[in-house]
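Colleague: just the structure for this:
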Amino acid sequence: MTEISLHDKQSEVIRDLFVNHTCRYSVVNASRGFGKSYLAATAAILAVQELMNLPDDVPNKNVALIAPTYSQAVDIYYPLIAWQLGMEDFADKSSKASGTFWFPGNVQLKLWSYEASQRMRGTGQYFVVADEVTSWKGAGMNLKESWESIIQPCVATRWSPKNSKKFGANPGRALIISTPSGYDYFYDMYNRQDSDDSWKSYTYTYKDSPFLDEEEIGRVKLTLDPLKFAREYTASFEDSGSNVFYTFNRQEHISKDLPYFDVGEDVHVAIDFNVGDCKLADFKSREFRETLSTLFKYKATLSEALNTTVLGTCNDYSARKYTQVGGSARIHLGV
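Modeller: Sure thing, here's the model as predicted:
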């Protein structure tokens, strides 16, 4: 087997699961580029090694690694486990078609898709890796139902602390990994450590990864929506909810002081939705024709063409200002 090399933050998770045994359920909330797949594969292999040290007649010596789709399971994890980590030569046999490795001592490591994981119901799983769980869609159920009805019972029953003790083994464990996607069930799992000491959670941002370049991340930040960047790279449980402007804050972004509007005057608001900055500007109706002419003639950005107050830049937290128009003034929204 190839020597496993982990960076410091990956090692932290592995130590707690396999060395210190400080938890049974680890929830890793991590950014893109952290090395989640390598961490998942390493955990699965270490669980296999633990099982191989048990007597051959111990039942349910199974390890499961569940990915969102079967193609991800076999295209990402099979080569990672078989060749990069050298387990193909270490196994008695393996099959990419079925995503299965068989090891000495009746130990099995199987790669599952989320949809196929329903067939795990009723089995005993010594260790389960649940990868990118916020991407688990379809299969007639959601993550909550899948975890509570199928996956956790596979770990908690056949490999309960009481049953495991009979075989001189550690109890069943699970590693749940994902990039966040709002306040969903993964968020609930992350917070379970607050009420159950068998759970432990970790958050790792792009700054915790040795594989990501700070300068390159700066370029990415310029092109990504702030919400997406917060989720993908800072592992923040941001949630847009039902708001179009999801960062809108009534206390911060509303101003009722509009001295330059005449009562009864039409107010035109134009929003330029673009890949880059989204400009929000307002201008008086008597300036409307002249402004549009300038805009189309020079193809300038909205703020330059209007030559008026720019109330907000949608992709810039610090610049957002929105206006609430009171009285009898009318708002015309042009997109």
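
Colleague: in this structure Gly124 contacts Trp159, no?
Modeller: Yes. Using C-beta atoms under 8 Å, Gly124 is in contact with Trp159, at 6.1 Å. (Glycine included, C-beta is placed from N, CA and C.)

Colleague: need the overlap of contacts for those two.
Modeller: Common contacts of Gly124 and Trp159 (C-beta atoms under 8 Å, 6 or more residues apart in numbering): 60, 172.

Colleague: more crowded one of those two?
Modeller: Using other C-beta atoms under 10 Å as the criterion, Gly124 and Trp159 rank with Trp159 on top: 25 against 19.

Colleague: list the contacts of the more buried one.
Modeller: Contacts of Trp159 (C-beta under 8 Å, 6+ apart): 60, 124-126, 169, 171-172.

Colleague: show me which of these is closest to Ala67.
Modeller: Comparing the contacts of Trp159 against Ala67 with C-beta to C-beta places Gln125 closest, at 15.3 Å.

Colleague: neighbours of that closest one, how many?
Modeller: Neighbours around Gln125, by other C-beta under 10 Å: 27.

Colleague: same thing with Leu46?
Modeller: Using other C-beta under 10 Å, Leu46 has 17 other residues around it.

Colleague: tell me which helix or strand it sits in.
Modeller: helix 36-52 (DSSP states H and E).

Colleague: what mean pLDDT does the helix or strand just after that helix have?
Modeller: Sequence order places strand 62-67 as the next helix or strand after helix 36-52, per DSSP H and E. When pLDDT is averaged over strand 62-67, the result is 97.

Colleague: one more: stretch 22-32?
Modeller: 97.

Colleague: how about that stretch as PDB, C-alpha atoms only?
Modeller: C-alpha atoms of stretch 22-32 as PDB (Å, rounded to 0.1, in the frame of the first residue of the first chain):
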ATOM      1  CA  THR A  22     -13.000  11.200  20.600                       C
ATOM      2  CA  CYS A  23     -16.100  10.800  18.500                       C
ATOM      3  CA  ARG A  24     -18.100   8.300  16.400                       C
ATOM      4  CA  TYR A  25     -19.600  10.800  14.000                       C
ATOM      5  CA  SER A  26     -17.400  13.400  12.300                       C
ATOM      6  CA  VAL A  27     -18.900  16.200  10.300                       C
ATOM      7  CA  VAL A  28     -16.500  18.000   8.100                       C
ATOM      8  CA  ASN A  29     -17.700  21.300   6.600                       C
ATOM      9  CA  ALA A  30     -15.000  22.200   4.100                       C
ATOM     10  CA  SER A  31     -14.300  24.500   1.200                       C
ATOM     11  CA  ARG A  32     -13.400  23.500  -2.300                       C
END
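
Colleague: got the phi/psi numbers for the closest residue to His7 other than its chain neighbours?
Modeller: Distances taken as C-beta to C-beta, 6 or more residues apart in numbering place Pro210 nearest to His7, at 5.1 Å, with adjacent residues excluded. Backbone geometry at Pro210, expressed as degrees, to the nearest 10, gives phi -80, psi 0.
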